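Trainee: Provided below are the primary sequence and the corresponding predicted coordinates.
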Amino acid sequence: MQFSRDWLAQYVEVGPVDELRALLTRSGSSVEHVTIEGDDALLDVDITGNRPDCMNHVGLAREIAVLRGVPLRRPDAAPSESGAAASSLARVEVAEARLCPRYSARLLEDVRLGPSPDWLVRRLETVGARSINNVVDVTNFVLWELGQPLHAFDLDTLGASTIVVRLAAAGEKLQTLDGVARELLATDLVIADAKRAVALAGVMGGLATEVTPATRRVLLESAHFDRSTVRRTAKRLGLHTDASHRFERGTDPEGTVAALDRAAVLLADIAGATVRRGVLDVVDPAVLVRREIAFSPRRLDGFAGVAYDRSELARWFTGLGLEVLDAGADTWKVRVPSWRRFDLERAEDLYEEAMRVRGFEAIPAALSPIYGSDGPETPVQKRRRLMRRHLVGQGFAETIQYSFVSREEDARYPLAKTNGKAPDAAAAGGFAASGPVELANPLSEQYTVLRRSMLPGLVATALFNLRRGAGAVRLFEIGNVFLEEEIESLGLVLGGTDGTPWDGAREADLYELKGVLDSLLEAFDASVEIRRAELPGVLSGTGAELYRDGEWAGWFGRLDCESAVPLLAAELFCRALGDGAAVSRVTTPSRFPGVAADLTLTHGTTVPWSAIARAIADAAPAELQAFDLKDRYQGEGVPAGAVNTTISFRYNAPDRSLQQEEVNARQAEIAKLLDQRFGWGAKETA
């Protein structure tokens, strides 16, 4: 939007153009370009849509006056009236007060239509408007001076000298000033006379009632129209005018009469008009009520992070048209001016006013202090933190994937089990009978459902890196899967060879993956039962399911997919790890020596180590500090279908040195229990 420096100088001391440009830009009205034309400078100012009050020279001058700390000079708007009262010459009726809460008009007679004086033509040319005639030019001048659109009707062409503001009849016709005959809708607001529509309210006048060289009596309109109604009509008809641009953003309902008075002064001077007494003014009192906002200077200081001088703050507000009440109190009552009714609604809006007038560069580039302490970690947050730390220590890198996958990828991995629970023997293979949650508005065909497995994204990332030369991948992600409920899950993928032959490099295998899971479970003092299983997407014979307390908790295995290296993968429901409380447990070691002992158990090959370990843990005496699988042997001396499992035990007491007899007795009890439950020839109850 273009403004003239010389025109602005009529109302305020503008100062040097470079300084003016910097001041306006700093305060939020960015000056995009300055053009020097003779003795004048034309400023191309980017006025934001929420500031229609600045879309005119007086409004922008008001900003400059506050920024420079100088007075604002308003133009003369006191016309000399004479003759008959305007109310005896014309009538105004507003049938749609909601859409036109104020309609004001003045009557001028003895008007002599003709060319405008040079000063007026130059003023209009500086803002890109062309001169038409002295009456129309005055209405355009006032628009660019005060921001209030005006329209001049030839009073003698108005039926019954009447103005009616109403909605159009469906199918009603109007020929606008551009010569186009337009068909109206019942939602269009029109200005009509006693019989017909004569103008589109807030958009464009009608051709039948325009002023001409024969015009002697003029009815000058100045109104406040509903923003959305004007916007809807202008958009539908493709009519964007200077008037509609202002009305769509919100004009000043208290500025209608002042604009009429200013135009009357000018028309009396340059068109010889006689101004009749009084103003025709139909107004809804509700539109004149000004909003009041409770404002705390102290809270502004805290919000901005810098102290504001109270007297300076009050001066700025007053200059902007804000009425400051109770300025000596802790909380001020600030009354909003009519021209900011659509812009200033709450205390934070006033904070912005103070900050932009002072200059945002005056605000320190630092975060405001946050008082009080952070809340403690939730169990879920703590568990995630400890999981990340442990897996990063194992050489894994964390990834973050979309929660959306394709239906094909979703069905490829074991977590597509129904609800992620133990397989239902009645279901084919125990896998999902119900499908995933579908997205109503997917990003693409690749992201159509919510994931039921962490693997699609992890595998895609692993393959992406392997195809680009990575020798090995070790990736993990912690996130939610969407089964019958939303469940937090851990996904792991590893494969390839780390290191070189010099430092003993070896290719990742299923035992390494199991070791990672074991170490993670051990870190959380948790345990699971491992059961062999045939799983979808997993190479036959390599899959296993994880159970905790009889509940399905995850799986691991070697993926059956095309890859440069074998890919191993696992998924584990995070709740199987508990809340992480055990990780922080500290146990003081005994100062007395411990005793180590081994035990070899002969049992059937179908007995899993997890069952043996659970039985030992359930029966462990207080002195048993640790036990572990030491060796498994099949061969000479071992019956067919059996295996010798050697288990190492470590005993220790916190208050004394254990005697060998005590250890032997404890070992004998455990050996007897294991032999009864799992020994070769005994009934397998695992």
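Mentor: In hand now; what should we look at?
Trainee: Could you use CA atoms for every contact and neighbour count after this?
Mentor: Fine.
Trainee: shaky segments in this structure?
Mentor: Segments of the chain classed as low confidence (criterion: pLDDT under 70) are 367-369, 373, 416-434, 580-586, 681-686.
Trainee: Quick check: longest helix in it by residues?
Mentor: When secondary structure is assigned using DSSP state H, the longest helix within the chain turns out to be helix 660-678.
Trainee: Which of the residues in that one are classified as buried?
Mentor: With burial defined by 16 or more other CA atoms under 10 Å, the residues of helix 660-678 counted as buried are 663, 666-667, 670-671, 674-675, 677-678.
Trainee: Kindly reformat these as CSV containing distance to residue 134.
Mentor: As requested, the buried residues of helix 660-678 are exported to CSV (distance: CA to CA, whole Å):
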residue, distance to residue 134
663, 116
666, 115
667, 115
670, 113
671, 115
674, 112
675, 115
677, 112
678, 111
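Trainee: circling back: next one: the longest helix of the chain to chain centre, how far?
Mentor: From the chain centre to the centre of helix 660-678 is a distance of 65 Å (CA atoms, centre = their mean, to the nearest Å).
Trainee: What is it packed up against?
Mentor: For helix 660-678, the helices and strands in contact under the criterion 3 or more CA pairs under 8 Å, 6 or more residues apart in numbering; DSSP states H and E are strand 595-604, helix 609-619.
Trainee: Kindly export stretch 173-188 (C-alpha atoms) in CSV.
Mentor: In CSV, the C-alpha atoms belonging to stretch 173-188 read as follows (Å, rounded to 0.1, in the frame of the first residue of the first chain):
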residue,chain,number,x,y,z
LYS,A,173,-30.5,-7.2,-10.9
LEU,A,174,-28.1,-4.3,-10.5
GLN,A,175,-25.9,-2.5,-13.0
THR,A,176,-22.8,-1.4,-11.2
LEU,A,177,-20.5,1.5,-12.0
ASP,A,178,-18.3,-0.6,-14.2
GLY,A,179,-21.3,-1.1,-16.5
VAL,A,180,-21.8,-4.8,-15.7
ALA,A,181,-25.4,-6.0,-15.0
ARG,A,182,-25.2,-8.4,-12.0
GLU,A,183,-27.6,-10.9,-10.7
LEU,A,184,-27.8,-10.7,-6.9
LEU,A,185,-28.4,-13.4,-4.2
ALA,A,186,-30.6,-13.2,-1.1
THR,A,187,-27.4,-13.0,1.0
ASP,A,188,-26.1,-9.8,-0.7
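Trainee: which non-adjacent residue is nearest residue 256?
Mentor: Once flanking residues are discounted, residue 256 sits nearest to residue 222: 5.2 Å by CA to CA, 6 or more residues apart in numbering.
Trainee: does that neighbour belong to a helix or a strand, and which?
Mentor: Secondary structure assigned from DSSP states H and E places residue 222 in strand 218-224.
Trainee: What strands flank that strand, and is each parallel or antiparallel?
Mentor: According to DSSP bridges, strand 218-224 has the following sheet partners: strand 102-109 (antiparallel), strand 151-154 (antiparallel).
Trainee: Contacts for it, please.
Mentor: Residues outside strand 218-224 that contact it (CA atoms under 8 Å, 6 or more residues apart in numbering) are 100-109, 111, 148-155, 211, 247, 251-253, 256-257, 259-260.
Trainee: after that strand comes which helix or strand?
Mentor: Tracing the chain C-terminally past strand 218-224 and defining elements by DSSP H and E, one meets helix 227-237 next.
Trainee: How about residues contacting that next one?
Mentor: Residues external to helix 227-237 that are found in contact with it (CA under 8 Å, 6+ apart): 99, 187-189, 201-203, 240, 244, 247-250.
Trainee: By neighbours, which of these wins?
Mentor: Tallying neighbours with other CA atoms under 10 Å puts residue 202 at the head of these, with 32 neighbours.
Trainee: Surely that residue and residue 225 touch.
Mentor: Yes: assessed by CA atoms under 8 Å, residue 202 is found in contact with residue 225 at 6.6 Å.
Trainee: Give me the common contacts of those two.
Mentor: Any residue near both residue 202 and residue 225 by CA under 8 Å, 6+ apart counts here, and that gives residue 247.
Trainee: Tell me the secondary structure at residue 342.
Mentor: Of the three states, residue 342 takes coil under DSSP: H, G, I helix; E, B strand; the rest coil.
Trainee: Enumerate every residue touching it.
Mentor: Contact partners of residue 342, counting by CA under 8 Å, 6+ apart, are 50, 250.
Trainee: Mind listing the residues bridging to the residue nearest to residue 256?
Mentor: If you apply DSSP bridges, the partners that residue 222 bridges to are residue 104.
Trainee: what's the neighbour count on it?
Mentor: Neighbours of residue 222 under the rule other CA under 10 Å: 26.
Trainee: Just the element for residue 175, please.
Mentor: Mapping residue 175 onto the secondary structure by DSSP H and E places it in strand 173-175.
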